[in-house]
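Peer 1: A structural model of the following input is requested.
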Amino acid sequence: MSRRTLATVIAVPLMVGLWLGAALVPVPYVTSRPGITVDVLAENQGREIIQVTGHRTYYDGGELRMTTVASDRAEDKVSIFSALRAWISDDESVQPHDVVYRDNETNQDNQVRSHIDMTTSQDVAFAVALQELGYKLKTAVRVAMLTPDSPAEGKLKEGDRIVAVDGTRIDDVDTLLSAIKKAEVGKPLPIEIVRGTKKSTVEVTPAKDPDEDRAVIGIYPGTSYAFPFEVSIGIDPNIGGPSAGLMFSLAIYDTLTPGSLTGGANIAGTGTIDPDGKVGSIGGIQQKIAGARDAGAQLFLVPADNCADVAGAPNGDMRLAKVATFEDAKAAIEAFAQDKAAKLPTCSGK
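Peer 2: All right, here's what the predicted structure looks like:
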């Protein structure tokens, strides 16, 4: 056997081993790609996604699409090849793991956080839409999520508004947590709630927190509002996070007002929404733009604080409009509905 042949025989297995090793050793990155888009004004299995009880509705034409990003989960192992593929791709991205997830965050931790963020964003979106219509709302506390097999399971439901605990009026989350913490373990605790528009009192027997010396009932509370009627948004419960807040608020407003806000156009966007109507920045803006483009959207609403992230975005023929508030977004849609060539605020200022 010649030296060249011997070198080849030795080198090839080594190279294969190195490539396999690289494929198996995870890198501390998270890859993201365009996720699904959902027209919040559409129907899901023959039922309007936005359901309203106690107020007249106006279901009309046009699309308002919330956008999503499909990312590796907190505990997923990402190979260097997957990271490189995302880095090269025009529609994908790669970020350090600690930028996307908290230290030691598990898939379950992230699922809980995302679910609470989603339900809270829906309540805030409802509040913003109602305030635009002239309603004055008081803040309240609601059940954002239940812990499985907890004392509250079967007694409380997600969405219940908690009015009082053992006679103590509940005005904010801290007051609720304090009232539960002081409760006696094993003794039924009366909790006054509003479910829909009906007020009632349920009894929940607190258990002892396995990690701390305090009573717990097994709920995740969230800030909400005392709404004059009911609105629910029937999207896939696996979709989480707060970034659809803006699109929810626009869709609820459109559903509660006569005529089509969009003028029949296909409009997408993203952004969190604050109670005062301010639109907040989100992650994965380039992937959301690509997903909206592929869904045929004609206009995409970009949070003003994300302007630095949209340079070179793969939007194709889809227009991008910069919005900082709910009013900005509403005005941009109305202008676009009247004239597809209308001058709209952009991140470039042109």
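Peer 1: and stretch 95-105, how far apart are its ends?
Peer 2: From its first residue to its last, stretch 95-105 covers 16 Å (C-alpha to C-alpha, to the nearest Å).
Peer 1: likewise for stretch 69-83?
Peer 2: OK, stretch 69-83 end separation, C-alpha to C-alpha: 16 Å.
Peer 1: and what of stretch 301-308?
Peer 2: First-to-last distance for stretch 301-308 - C-alpha to C-alpha - comes to 14 Å.
Peer 1: quick one: it to chain centroid distance?
Peer 2: A distance of 17 Å separates the centroid of the chain from that of stretch 301-308, by C-alpha atoms, centre = their mean, to the nearest Å.
Peer 1: and for it, what's in contact with it?
Peer 2: If you take C-beta atoms under 8 Å, 6 or more residues apart in numbering as the criterion, stretch 301-308 is touched by 246-247, 267-272, 279-282, 285, 289, 310, 320-324, 328-329, 332-333, 347. Every C-beta, even on glycine, is put in place using the N, C-alpha and C of the backbone.
Peer 1: any buried residues in it, and which?
Peer 2: 301-307 (16 or more other C-beta atoms under 10 Å).
Peer 1: surely residue 305 is in a strand?
Peer 2: No: counting by DSSP: H, G, I helix; E, B strand; the rest coil, residue 305 falls outside a strand, being helix.
Peer 1: what pLDDT does it get?
Peer 2: On the pLDDT scale, residue 305 is placed at 97.
Peer 1: ok, it to residue 186 distance?
Peer 2: Residue 305 sits 49 Å away from residue 186, going by C-beta to C-beta, to the nearest Å.
Peer 1: ditto for residue 63
Peer 2: Counting by C-beta to C-beta - residue 63 and residue 186 are separated by 53 Å.
Peer 1: pick out whichever of those two has more residues nearby.
Peer 2: residue 63 (21 against 11; other C-beta atoms under 10 Å).
Peer 1: that one: what's it in contact with?
Peer 2: If you count contacts by C-beta under 8 Å, 6+ apart, then residue 63 has 39, 41-42, 262, 265-268, 297 around it.
Peer 1: buried subset of those?
Peer 2: By 16+ other C-beta under 10 Å, the contacts of residue 63 give 39, 41, 262, 265-268, 297 as buried.
Peer 1: how much space separates residue 291 from residue 67?
Peer 2: 5 Å.
Peer 1: more neighbours: these two, which one.
Peer 2: More crowded of residue 291 and residue 67, by other C-beta under 10 Å: residue 67, with 28 against 25.
Peer 1: where do the strands of the stretch 101-250 of the chain begin and end?
Peer 2: For the stretch 101-250 of the chain, strands defined by DSSP state E, counting those that start in this stretch occupy the ranges 139-146, 161-165, 168-169, 189-195, 198-204, 207-208, 215-216, 219-225, 230-233.
Peer 1: now tabulate the ones you listed in JSON lines and tack on distance to residue 108 and mean neighbour count.
Peer 2: Below are the strands of the stretch 101-250 of the chain laid out as JSON lines (distance: least, C-beta to C-beta, whole Å; neighbours: other C-beta atoms under 10 Å):
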{"stretch": "strand 139-146", "distance to residue 108": "12", "mean neighbour count": "20"}
{"stretch": "strand 161-165", "distance to residue 108": "24", "mean neighbour count": "20"}
{"stretch": "strand 168-169", "distance to residue 108": "31", "mean neighbour count": "12"}
{"stretch": "strand 189-195", "distance to residue 108": "26", "mean neighbour count": "19"}
{"stretch": "strand 198-204", "distance to residue 108": "23", "mean neighbour count": "13"}
{"stretch": "strand 207-208", "distance to residue 108": "20", "mean neighbour count": "14"}
{"stretch": "strand 215-216", "distance to residue 108": "17", "mean neighbour count": "21"}
{"stretch": "strand 219-225", "distance to residue 108": "13", "mean neighbour count": "20"}
{"stretch": "strand 230-233", "distance to residue 108": "24", "mean neighbour count": "18"}
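Peer 1: export the ones you listed to JSON lines and tack on mean pLDDT and distance to residue 256?
Peer 2: Formatted as JSON lines, the strands of the stretch 101-250 of the chain follow (pLDDT from 0 to 100; distance: least, C-beta to C-beta, whole Å):
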{"stretch": "strand 139-146", "mean pLDDT": "91", "distance to residue 256": "20"}
{"stretch": "strand 161-165", "mean pLDDT": "94", "distance to residue 256": "20"}
{"stretch": "strand 168-169", "mean pLDDT": "92", "distance to residue 256": "30"}
{"stretch": "strand 189-195", "mean pLDDT": "94", "distance to residue 256": "21"}
{"stretch": "strand 198-204", "mean pLDDT": "93", "distance to residue 256": "22"}
{"stretch": "strand 207-208", "mean pLDDT": "90", "distance to residue 256": "41"}
{"stretch": "strand 215-216", "mean pLDDT": "89", "distance to residue 256": "38"}
{"stretch": "strand 219-225", "mean pLDDT": "90", "distance to residue 256": "15"}
{"stretch": "strand 230-233", "mean pLDDT": "93", "distance to residue 256": "8"}
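Peer 1: let's have the ones you listed in JSON lines, adding distance to residue 94.
Peer 2: What follows is the strands of the stretch 101-250 of the chain, written out as JSON lines (distance: least, C-beta to C-beta, whole Å):
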{"stretch": "strand 139-146", "distance to residue 94": "31"}
{"stretch": "strand 161-165", "distance to residue 94": "42"}
{"stretch": "strand 168-169", "distance to residue 94": "49"}
{"stretch": "strand 189-195", "distance to residue 94": "44"}
{"stretch": "strand 198-204", "distance to residue 94": "45"}
{"stretch": "strand 207-208", "distance to residue 94": "43"}
{"stretch": "strand 215-216", "distance to residue 94": "39"}
{"stretch": "strand 219-225", "distance to residue 94": "31"}
{"stretch": "strand 230-233", "distance to residue 94": "31"}
